[in-house]
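Chemist: Quick check, what structure comes out for this input:
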Amino acid sequence: MTSGGTVIRLSPWRGNTRTTQVVAVDGPPPRPDDVSDLIEYLGSRGVREIMTTALGPIDQQSFTARGFDPQEHLLLMGRPVDPTNPSSRWTSRWTGRTPSRPRTRPARRRDQDAVLELDDRAFAPFSPFWRFDRAALDEVGQATESHRRRVIRQRANRRTGSTVIGHAITGRTTTIGFLQRLAVDPAAEGRGVGSALVVDALCWLRQTGAHEVWVNTQPDNDRARALYLRHGFTEREGGLDVLHRVIDDPAGDPVR
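Modeler: This next block holds a predicted model:
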């Protein structure tokens with residue numbers, strides 16, 4: 001939908017039709033009156049809760065003015081995409097073919113169950129807010145103009161075959177890249193799996209014309225923060241917040 005020149009994408013939150021996620025995909029940030037119109041529009045269609053995407057301090061203002069509260073805080077980290085050398089310390093370390101080098105490959109449909117199980121293990125120590133179901137995993141790729149899904153597999157034995165020990169979803173819109181989701185099996189931490197996925201993402205973004213890349217992570221996810229710092233990301237002041245608002249019941253107070 002379009003409101004006040006802002007193009008807004010609406011989608012069910014984690015498959016729940018009574019909770020809608022709001023993403024501004026084009027145009028200026030919505031004004032407070034635009035947010036009021038949005039609340040009224042969604043409320044008239046049976047939606048009872050609204051979630052925003054992760055927003056910076058300026059983009060939050062119109063929503064907080066209309067009763068939205070912070071739901072989750074995130075660290076925001078970014079770096080330029082070097083057109084000649086996306087992550088030199090790791091590409092040079094892994095020059096040549098070595099048995100221990102984690103190798104990424106395209107994620108296939110048959111990998112989806114294994115990816116979801118891995119993702120759940122990786123994010124289990126954190127807020128349930130970060131858990132993904134199948135619908136949420138599918139929606140990640142729809143948030144940008146183009147995206148890339150990769151996995152790393154580890155062979156267990158001849159009888160059981162291989163298992164997914166890492167996965168990543170990288171997106172790009174115009175010249176801006178995003179590490180949208182990255183998870184490593186806790187049992188495989190410290191073996192270069194996360195670094196292999198980050199390097200793969202940076203290489204793809206460089207090849208497809210991105211000039212910068214952004215990632216967010218939980219403030220208490222020390223391993224993820226350290227991984228991104230090793231690969232040249234720096235923290236940006238203020239971070240991001242996902243905002244939430246309950247729409248007043250039709251029998252109760254009117255929508256503000």
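Chemist: Please tell me how far Arg245 sits from Gly46.
Modeler: From Arg245 across to Gly46, the span is 15 Å (C-beta to C-beta, to the nearest Å). Where C-beta positions appear, they are placed from N, C-alpha and C, glycine not excepted.
Chemist: Those two - which one has more neighbours?
Modeler: Shown here are Arg245 and Gly46; by other C-beta atoms under 10 Å, Arg245 has more neighbours (22 against 11).
Chemist: Return the residues in contact with the more buried one.
Modeler: Ile39, Glu49, Ile50, Phe63, Arg66, Gly67, Phe68, Asp69 (C-beta atoms under 8 Å, 6 or more residues apart in numbering).
Chemist: Next step: these restricted to helices.
Modeler: Ile39, Phe63 (DSSP state H).
Chemist: just the buried members of the contacts of Arg245?
Modeler: Buried positions within these, assessed by neighbour count (16 or more other C-beta atoms under 10 Å), are Ile39, Ile50, Phe63, Arg66, Gly67, Phe68.
Chemist: any chance of these in JSON lines, with distance to His231 and pLDDT too?
Modeler: Listed next are the buried ones among the contacts of Arg245 as JSON lines, based on distance: C-beta to C-beta, whole Å; pLDDT from 0 to 100:
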{"residue": "Ile39", "distance to His231": "40", "pLDDT": "96"}
{"residue": "Ile50", "distance to His231": "34", "pLDDT": "97"}
{"residue": "Phe63", "distance to His231": "32", "pLDDT": "97"}
{"residue": "Arg66", "distance to His231": "38", "pLDDT": "96"}
{"residue": "Gly67", "distance to His231": "39", "pLDDT": "96"}
{"residue": "Phe68", "distance to His231": "33", "pLDDT": "98"}
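Chemist: any chance of the residues you listed in CSV, plus distance to Ala224?
Modeler: Output for the buried ones among the contacts of Arg245, formatted as CSV (distance: C-beta to C-beta, whole Å):
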residue, distance to Ala224
Ile39, 34
Ile50, 27
Phe63, 26
Arg66, 32
Gly67, 32
Phe68, 26
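Chemist: Now do the helices in the stretch 101-250 of the chain.
Modeler: 112-123, 134-140, 193-207, 222-230 (DSSP state H, counting those that start in this stretch).
Chemist: Highest mean neighbour count out of those?
Modeler: Among the helices of the stretch 101-250 of the chain, helix 193-207 has the highest mean neighbour count (mean count of other C-beta atoms under 10 Å), at a mean of 22.
Chemist: pLDDT weak spots in the stretch 151-256 of the chain?
Modeler: Scanning the stretch 151-256 of the chain for pLDDT under 70 picks out 156-161, 249-256.
Chemist: residue ranges for the strands of it, please.
Modeler: 161-173, 176-184, 212-217, 234-246 (DSSP state E, counting those that start in this stretch).
Chemist: Gln154: which of these is closest?
Modeler: Between Gln154 and these, the tightest spacing by C-beta to C-beta is seen for strand 161-173, at 4.7 Å.
Chemist: What is the closest one packed up against?
Modeler: Packing partners of strand 161-173 (3 or more C-beta pairs under 8 Å, 6 or more residues apart in numbering; DSSP states H and E): helix 112-123, helix 134-140, strand 146-157, strand 176-184, helix 193-207.
Chemist: relative to strand 212-217, how tilted is the helix or strand where His73 lies?
Modeler: Assigned by DSSP states H and E, His73 belongs to strand 69-80. Relative orientation of strand 69-80 and strand 212-217, computed by axes from the mean of the first three to the mean of the last three C-alpha atoms, to 10 degrees: 140 degrees.
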